[in-house]
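Engineer: Predicted model and sequence follow; I will ask about them next.
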Amino acid sequence: MIQEIKNEKYGTITYEESFLTGKKNVYFNGVQAQKTGKNTFVINMKQVVDGEVKEETVAFTLSGSLLSGVSLVVGYEVITIIPKTKWYEYVLFFLPVAIIIVWGNSVELCQIVPVVGGAVGGFISGLFSVLALSFSKRTKNVFLKVLIGLASLAVTFIVCALVASMLLGAIQ
C-alpha cells in the first residue's frame, strides 16, 4: 500500500508498506530515506531558508503498521501518515471470525447451513478479516468501510460453507 501526505515543513511524504512482507519505505519529495534500524530512517534534506539552501540530516522513527495506523516521529513532532484504526473498524472486521466460531460450534446452526469451523474456519475468517481491514484503510468514507466489512462477512460465510460442503461430500 502506498500512502501520500503533504506536510508544510517536509513537503510530500510517501509511505510504502508491503502487505505480505511488511517492508516499509519512506520518501520525502521523491527521495528515498535510508533505513538505519528496524523502524529508524535517515535522510539528507535540502531546504531553502531566507533565500539560502541549507542541507540537514533528518532522523526519524516509524511507529505502527498498515492495520493499526502509522505515525512518523521526527524529534518531538508526530506526523500521522495513516490514521489509527477506530474501535468500530475492529468490531466490524472481527465479526466474521466471531460468527464462524459461534456457527461452527453450534450443532443446530450447522444442521441449517454447515460451515467449517476450528482451525480451518479460523484461518479463512481471519484471512478475509485482515484483507477487508487493509482494503478499508484505503478509504475514508465510513459507509464504504461498512460495506467492505459486510462483504467480508458474506464472503467468509460462503467460503466456509463451501469448504464444509466439500468435506461432507468427500466423507459420504
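Structural biologist: It's in. Residues are numbered from 1 along each chain as shown.

Engineer: can you give me how far the strand or helix carrying Ala164 is from the chain middle?
Structural biologist: Element membership for Ala164 (DSSP states H and E) is helix 142-171. Distance, stretch centre to chain centre, for helix 142-171: 20 Å (C-alpha atoms, centre = their mean, to the nearest Å).

Engineer: So which residue is smack in the middle of this protein?
Structural biologist: The centroid of the chain falls nearest to Leu67 when counting by C-alpha atoms, centre = their mean (3.0 Å).

Engineer: what's the spacing between that residue and Asn7?
Structural biologist: 23 Å (C-beta to C-beta, to the nearest Å). In this view, the C-beta of every residue, glycine as well, is placed from N, C-alpha and C.

Engineer: picking that back up, now the residue nearest to the residue nearest to the centre of the chain when sequence neighbours are not counted. Its backbone dihedrals?
Structural biologist: If you skip the residues right next to it in sequence, Leu67 has Leu133 as its closest partner in space, 5.8 Å away by C-beta to C-beta, 6 or more residues apart in numbering. Main-chain torsions, Leu133, degrees, to the nearest 10: phi -60, psi -40.

Engineer: can you give me phi and psi for the residue sitting furthest away from the middle of the chain?
Structural biologist: Computed with C-alpha atoms, centre = their mean, the residue of the chain farthest from its C-alpha average is Gly51, at 41.5 Å. Backbone torsions of Gly51, given as degrees, to the nearest 10, read phi 80, psi -10.

Engineer: again, but for Gly104
Structural biologist: phi -70, psi -20.

Engineer: got it, and Gly22?
Structural biologist: Dihedral angles (degrees, to the nearest 10) for Gly22: phi 80, psi 10.

Engineer: right, and Pro83 touches Leu67 too?
Structural biologist: No: if you go by C-beta atoms under 8 Å, Pro83 and Leu67 don't touch, sitting 11.9 Å apart.

Engineer: ok, back up a step: now the residue nearest to Leu67: how far from Lys140?
Structural biologist: 15 Å.

Engineer: quick one: which of those two has more around it?
Structural biologist: Neighbour count, other C-beta atoms under 10 Å: between Leu133 and Lys140, Leu133 has more, with 22 against 9.
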